[in-house]
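Q: Here's a sequence, model it:
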Amino acid sequence: MKKIFFIFSFAFILLGSYLYLKFDFNKDKKLTDTNAPLACDLNVKDCIFNFKDKKIRIFLNPKPLQAMQELDLKIENLDFYENLSLKIYGLNMFMGEIKPRLIYKNSHYEAKILLSACTLDTMRYRAQFFKDDKPLGFHFDFELRR
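A: This next block holds a predicted model:
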């Protein structure tokens, strides 16, 4: 009886390992060093990021960024996409996902966001853009400091 239990347990562990390696859903995500300095700090100034040979300007106001305060997000020079969506999530702690509604007007996108309070001194967020629920290939990171 012990042999059968041991064989069954071993087979179950092997099957579980195989399935994990085959269907690891996080393998597409690149690990990000949250201690590395940001290329541009949205707490201090508006930032410009390169995407598809264009310079995308990101405005996030008021500065400095505060938790539990409504922030105005404005994205300039990003082409119009039919079903564009935005997902904001924490990189150094899971705080859920923020999915603001993007409004395209006067050749730019606008959204209002509210960031949650965090126990960390510095919370790093990633804002990632999606078209038809598939990653667009453009994202930017920013920090919320206490």
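
Q: G96 against S116, yeah?
A: Yes: using C-beta atoms under 8 Å, G96 is in contact with S116, at 7.3 Å. Any C-beta I mention is one placed from the backbone N, CA and C, and that applies to glycine too.

Q: Who has more neighbours out of the two?
A: S116 (13 against 9; other C-beta atoms under 10 Å).

Q: For burial, what's the neighbour tally of F138?
A: Neighbours of F138 (other C-beta under 10 Å): 18.

Q: Looks like it contacts K55 (just checking).
A: No: using C-beta under 8 Å, F138 is not in contact with K55; the gap is 12.0 Å.

Q: Between those two, which contacts overlap?
A: Overlap of the contact sets of F138 and K55 (by C-beta atoms under 8 Å, 6 or more residues apart in numbering) consists of F49.

Q: Which of the three states applies to the spatially closest residue to F142 that is not a sequence neighbour?
A: In space, and not counting its chain neighbours, F142 is closest to L42: 4.3 Å by C-beta to C-beta, 6 or more residues apart in numbering. With DSSP: H, G, I helix; E, B strand; the rest coil as the basis, L42 sits in coil.
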